[in-house]
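Peer 1: test case, fold it:
(one chain, ligands or ions: 1)
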Amino acid sequence: MTRKRLAGRVTRPLRRIARPSAVALALALCQPLPAQAQAFDPTRADIGAFIASVGKKHGFEAEPLVTLFAQVESKPAILQAIAKPAERTLAWDEYRPKFLVERRIARGAEVHGLKQSELEQSQAASGVPVDILLGIVGVETFYGENVGKYRVIDALATLAFDYPPRQAFFRSELEQYLLMAREEGLDPLAPVGSYAGAMGLPQFMPSSFRNFAVDGDADGKRDLWNDWADVFSSVGNYLKVHGWRAGEPVMAAAEAGSANLAGLDDKLALTETVGSLRARGVKFETSLPANAPAMLVALKVAAGTEYRVGFTNFYAITRYNRSHMYASAVSDLADAIAATRAGLPLPAAAGFIVPAAPPPVRPANGWSTTSGGK
Ligand SMILES: [Ca+2]
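Peer 2: Residues are numbered from 1 along each chain as shown. Presented below is the predicted three-dimensional model:
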């Protein structure tokens, strides 16, 4: 999937990696890249300063952190992944089929059957429908099949100390991660995640974990790797905090071929209303009132543009990942899972569902993931 920009907000979204500027990239590439993973040297000045800083701010003792960082590795593969030249931006009709595949839809319906009580409890607490919760986790990690292969601390430290263009952000996330590990009683060397440090089935960054993760089953731990009640409750809470409105739609198909689109841009903001879009000549159906916030969503496809109207709940999904296409894919996957669960044909908009590919061989313990220090 395309990489998104990192927003420097406190409610930092989840897996947003800034595409480096040409200058930043050149700077980064000036750093000699070791061919193999190397343990960090905790006596390095910048690491020493970081240890002193978090010690002063949060009361961490220096010696355990020195011992910890001596076991953390700088991974060239992580630097290569983040500095990879920008991929061509996918069109919507290239992006959508990556997620709207039969196996992902079927798996979503299957997970619903297996984790129905966790899903329904999360829906009751957050107001976010079970199919949207499944849509997010399905797009993020294929329900846990792709949670990432790096130790989170290796990913964060590599980018915090060996990738100058994003060092401020990743030092902040590393600080959040140390706090998270202390609060949760986790061995900081154990959790695994993406090359950018996004964690667990819903791919929360450490700051999001600390701010929004929820102990859904009240067992005293927030476990986004193994505990499905925690996973779904945390996704629901994230969306609720970012404005989800229970019972309201996400988006509607629209016709805008003859509409007045002057002054509209592709910013992810609810700058219009149901009424103002209709006044422009955008045609769509919704039960929401004329004063309901809305935005026109223009999705580029080979044959032109597919228009939709996004409402407040569409905007909430874009707080999880700032992309029109991401939020549209989550919405479509949720609709497809809901239809499958109801035994209905897939929604008409799902005109290009990709047929099932042979499933990968699952580990013997099924599809649950582990947080072991792999
Ligand atoms: Ca729990």
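Peer 1: which bits of the protein sit near the ion?
Peer 2: Contacts of the chain with the ion, taken as Cβ under 5 Å from the ion, map to Asp215, Asp217, Asp219, Lys221, Asp227, Asp230. To be clear about C-beta, it is placed using only N, CA and C from the backbone, and glycine gets the same treatment.
Peer 1: in ChimeraX, how would I select the buried members of the residues you listed?
Peer 2: Applying 16 or more other Cβ atoms under 10 Å to these leaves a buried subset, and the ChimeraX line that selects it is:
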select :215,217,227,230
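Peer 1: any low-confidence regions in the stretch 251-374 of the chain?
Peer 2: Applying pLDDT under 70 to the stretch 251-374 of the chain flags the ranges 348-374.
Peer 1: I figured Leu179 hits His58, correct?
Peer 2: Yes: contact status for Leu179 versus His58: in contact at 6.2 Å, counting by Cβ atoms under 8 Å.
Peer 1: just how off-centre is the strand or helix carrying Ala338 within its chain?
Peer 2: Assigned by DSSP states H and E, Ala338 belongs to helix 324-341. How far helix 324-341 lies from its chain's middle: 15 Å, per Cα atoms, centre = their mean, to the nearest Å.
Peer 1: please apply the same query to stretch 184-200.
Peer 2: 15 Å.
Peer 1: same question for that stretch, mean pLDDT?
Peer 2: Stretch 184-200 shows a mean pLDDT of 96.
Peer 1: now do stretch 126-146
Peer 2: pLDDT averaged over stretch 126-146 gives 97.
Peer 1: begin at 51 from here
Peer 2: Will do, 51 is the new start, and the previous item becomes stretch 176-196.
Peer 1: span of it from start to end?
Peer 2: For stretch 176-196, the first-to-last residue distance is 25 Å (Cα to Cα, to the nearest Å).
Peer 1: centre of the chain to it, how far?
Peer 2: If you compare the mean C-alpha spot of stretch 176-196 with that of the full chain, they lie 10 Å apart, counting by Cα atoms, centre = their mean.
Peer 1: just stretch 383-393 next, same as before
Peer 2: Distance of stretch 383-393 from the chain centroid (Cα atoms, centre = their mean) equals 21 Å.
Peer 1: and that stretch, what's buried?
Peer 2: Buried residues in stretch 383-393 (16+ other Cβ under 10 Å): Leu383, Ala384, Asp385, Ala386, Ile387, Ala388, Ala389, Thr390, Arg391.
Peer 1: need those in CSV with distance to Leu118, can you?
Peer 2: Shown next, in CSV, are these (distance: Cβ to Cβ, whole Å):
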residue, distance to Leu118
Leu383, 39
Ala384, 40
Asp385, 45
Ala386, 44
Ile387, 41
Ala388, 45
Ala389, 48
Thr390, 45
Arg391, 45
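Peer 1: which one of those residues is nearest Arg295?
Peer 2: Using Cβ to Cβ, Ala384 is the member of those that lies nearest Arg295, at 15.5 Å.
Peer 1: what's near enough to touch that closest one?
Peer 2: Each residue near Ala384 by Cβ atoms under 8 Å, 6 or more residues apart in numbering is listed here: Pro179, Asp181, Ile182, Leu184, Gly185, Val300.
Peer 1: and what of Ala205?
Peer 2: By Cβ under 8 Å, 6+ apart, Ala205 lies in contact with Lys125, Ile128, Gly198, Gly243, Ser244, Tyr245, Ala246, Gly247.
Peer 1: pretty sure Asp316 sits in a strand.
Peer 2: No: Asp316: not assigned to a strand; according to DSSP: H, G, I helix; E, B strand; the rest coil it is coil.
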